[in-house]
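A.B. asks: sequence below, structure please.
(one chain, ligands or ions: 1)
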Amino acid sequence: MGKKQVPIQEGLFTWPSEDPRLIGSRCRNCGKVSFPTQKSCPACCLQDVENVELAKRGTLWTWTIQGFPPKAPPYAKQETPRTFVPYGVGYVELPKGVRVETRLTENDPDKLRIGMEMELVIEKFMEDDAGDDVMIFAFKPVEGGA
Ligand SMILES: [Zn+2]
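C.D. replies: You can find the predicted model right below:
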């Protein structure tokens, strides 16, 4: 059997896809868009929400570098301080004011700045027990972006 690429969680992003998008929810009453999807609107509390695919690009709202392994659980990856590679985490603001908490592909503080243009990518996070690739979403700086 071939190796599969499985999303770390169903319903976070469209996968498999040539043009993957994050999946959020939009309130039919007030238009508020949330990520990840919500059963009710965080703004007006009505349960009249629908799933929508979010824009691929946004701007870096804030970020930091995760310099040590997060606590496991909930952090799924089996790592020791020796194998751990620091990574960027932050919030990317998409159109309509949606702020997405996300891993960043870049872990060099000199290459990250607030307001820079970022684009969604789906990348391998780890291998699961079956040997399949577990895929997560991340944002990477857009080359030559604003
Ligand atoms: Zn609402």
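A.B. asks: give me the contacts around stretch 88-108.
C.D. replies: For stretch 88-108, the surrounding residues in contact (C-beta atoms under 8 Å, 6 or more residues apart in numbering) are 22, 24, 31, 33-35, 54-55, 57-66, 85-87, 112, 118, 121, 123, 136-141. C-betas here are computed from N, CA, C, even on glycine.
A.B. asks: what's the span of it from first residue to last?
C.D. replies: Between the start and the finish of stretch 88-108 there is a gap of 8 Å, counting by C-alpha to C-alpha, to the nearest Å.
A.B. asks: on that earlier part again, drop anything exposed from the contacts of stretch 88-108.
C.D. replies: 22, 24, 33-35, 54-55, 57-61, 63, 66, 112, 118, 136-139, 141 (16 or more other C-beta atoms under 10 Å).
A.B. asks: report the contact partners of P81.
C.D. replies: Listed by C-beta under 8 Å, 6+ apart, the contact set of P81 reads F68, P69.
A.B. asks: bridged to L104, which residues?
C.D. replies: Beta-bridge pairing for L104 (DSSP bridges): G88, F139.
A.B. asks: how close does it sit to G2?
C.D. replies: Shown here: L104 relative to G2, a distance of 30 Å by C-beta to C-beta, to the nearest Å.
A.B. asks: neighbour count for these two, which is higher?
C.D. replies: When L104 and G2 are compared on other C-beta atoms under 10 Å, the one with more neighbours turns out to be L104, at 22 against 4.
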